[in-house]
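Chemist: below is the sequence, then the predicted model.
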Amino acid sequence: MKRYIAFLRGINISGKNKVPMAELKKQFEKLGFGEVKTYLNSGNVAFSSDKDDIEKITKQIEIMIKKQFVLDIPVFVISREGLDDILHNAPDWWGNENKEIYDNLIFIMPPATFAEVYCELGEPKEELERIKDYKEAIFWSFSRKDYQKTNWWSKTASKNISSKLTIRTANTVRKMVGM
């Protein structure tokens, strides 16, 4: 069985799109996935499957969420090996425990591409934020105290782009690889 990680976009935020993690876990198990574990309350699910088709797995999860929770939620699924590869290619400046810097990993939802996302978000503010793309992810770090001055902060939540990505902190991503 292969290990996968699913990141659900935009659930349990400010009382919207409520999805109880215990119920989500149960529904993943009903889909035939094994060793299901959730992390935090923001839609992070590690699971095992004998299936290899990530696109089919993603569609299966999205349909289940729509049916069980009456929500149209974008889902990003990646193999544990794929996520581990991304983390092994992180730039030196990303996720290095500097408390003044906030480190995120942006996952680009297929069929969107880095070029498309970058075109919509524009240049990061050089003195406040840094990015580096690798495969279907973007390493993004920014100053905690100046986050509202960054170019990408408000834009990543805009309606035009938000359905094309989901964002997790460095700590959350590392925890998910270990599950």
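Modeler: Okay, I see it.

Chemist: how about Pro146: what's its closest non-neighbour residue?
Modeler: Slight slip there: residue 146 is Asp, not Pro. Closest residue to Asp146 apart from its sequence neighbours, by CB to CB, 6 or more residues apart in numbering: Leu128 at 5.1 Å. Where you see a C-beta, it was placed from the backbone N, CA and C, and this is true even at glycine.

Chemist: for the one you found, what are its contacts?
Modeler: 142-143, 146, 149-151 (CB atoms under 8 Å, 6 or more residues apart in numbering).

Chemist: tally of neighbours for the nearest residue to Ala137 once chain neighbours are set aside?
Modeler: Once flanking residues are discounted, Ala137 sits nearest to Ile86: 5.0 Å by CB to CB, 6+ apart. Other residues near Ile86 come to 19 when the count uses other CB atoms under 10 Å.

Chemist: distance from the chain centre to the helix or strand hosting Ile86, please.
Modeler: Under the criterion of DSSP states H and E, Ile86 resides in helix 80-88. Chain-centre distance of helix 80-88: 13 Å, with CA atoms, centre = their mean, to the nearest Å.

Chemist: give me the phi and psi for Ile131.
Modeler: The phi/psi pair for Ile131 (degrees, to the nearest 10) reads phi -140, psi 160.

Chemist: partner residues bridging it?
Modeler: Note on Ile131: beta-bridge partners Trp140, judged by DSSP bridges.

Chemist: measure it to Glu123 for me?
Modeler: Ile131 sits 9 Å away from Glu123, going by CB to CB, to the nearest Å.

Chemist: okay, the two: which has more neighbours?
Modeler: Each of Ile131 and Glu123 has its neighbours counted (other CB under 10 Å); Ile131 has more, 20 against 10.

Chemist: quick one: average pLDDT of the helix holding Ile86?
Modeler: Here helix 80-88 scores 97 as its mean pLDDT.

Chemist: same check on stretch 99-109?
Modeler: The pLDDT scores in stretch 99-109 average 94.

Chemist: what comes up buried for that stretch?
Modeler: Of the residues in stretch 99-109, those buried by neighbour count under the rule 16 or more other CB atoms under 10 Å are 101-109.

Chemist: now do stretch 60-70
Modeler: Buried residues in stretch 60-70, counted by 16+ other CB under 10 Å: 60-62, 64-65, 69.

Chemist: which elements pack onto the helix or strand where Lys67 lies?
Modeler: In this assignment (DSSP H and E), Lys67 forms part of helix 54-69. Helix 54-69 is packed against strand 2-8, helix 21-30, strand 75-79, with contacts defined by 3 or more CB pairs under 8 Å, 6 or more residues apart in numbering; DSSP states H and E.

Chemist: as JSON lines, these with mean neighbour count would be great.
Modeler: Below are the helices and strands packed on helix 54-69 laid out as JSON lines (neighbours: other CB atoms under 10 Å):
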{"stretch": "strand 2-8", "mean neighbour count": "22"}
{"stretch": "helix 21-30", "mean neighbour count": "16"}
{"stretch": "strand 75-79", "mean neighbour count": "21"}
